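Trainee: Mind folding the following:
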Amino acid sequence: MDITLVLIAIFSLVGFIFTFLAVIEKDLPKAVVFSAIQSAAYAALFYLLRAPDIVLVYLPVSVGLYPAALFFLIGKSERVEE
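Mentor: Numbering: from 1, shown residues only. Here you go, the predicted model:
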C-alpha cells in the first residue's frame with residue numbers, strides 16, 4: 001500500500017475527530033484550538049493531494065488569522081457557552 005494513501009487516511013481521521021470535538025465543546029477557547037488543529041490536518045491533506053498553492057493560503061488564514069480573530073472576539077464576550 002502506498003504511504004501517501006495511509007497518510008491521507010490518517011489526516012482525514014484527525015480532521016474529522018477534531019471537527020467533532022470543536023462542535024461539541026462548550027468552552028469556546030478549546031473549540032477554537034480544536035478548529036485550528038483540524039485546519040492544520042486539512043492543510044496537510046492539501047499538501048499530500050499536491051495542492052501546495054492552496055496550502056500557502058489556507059495555513060496562515062485558518063491556523064493563524066482566524067483563531068486570532070476568534071480569541072479576540074471571545075475576549076469581548078463570555079468564555080463558556082450556556
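Trainee: Going by residue numbers, what spans are strands in this structure?
Mentor: In order along the chain, the chain carries no strands (DSSP state E).
Trainee: Which residue ranges of it form helices?
Mentor: 3-24, 28-48, 52-59, 66-75 (DSSP state H).
Trainee: so who does residue 14 touch?
Mentor: If a contact means Cβ atoms under 8 Å, 6 or more residues apart in numbering, then residue 14 has 37, 38, 41 as its contacts. Just so you know, the C-beta spots here come from the backbone N, C-alpha and C atoms, and that holds for glycine as well.
Trainee: Kindly recompute the last result at 6 Å.
Mentor: Taking Cβ atoms under 6 Å, 6 or more residues apart in numbering as the criterion, residue 14 is in contact with residue 41.
Trainee: Tell me the spacing between it and residue 78.
Mentor: In this view, residue 14 and residue 78 are 29 Å apart by Cβ to Cβ, to the nearest Å.
Trainee: follow-up on the earlier one: kindly reformat the helices of the chain as JSON lines containing mean pLDDT.
Mentor: JSON lines is the format used below for these (pLDDT from 0 to 100):
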{"stretch": "helix 3-24", "mean pLDDT": "97"}
{"stretch": "helix 28-48", "mean pLDDT": "95"}
{"stretch": "helix 52-59", "mean pLDDT": "92"}
{"stretch": "helix 66-75", "mean pLDDT": "92"}
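Trainee: If you drop the residues flanking it in sequence, what lies closest to residue 47?
Mentor: Of all residues not flanking residue 47 in the chain, residue 55 sits nearest, at 4.9 Å (Cβ to Cβ, 6 or more residues apart in numbering).
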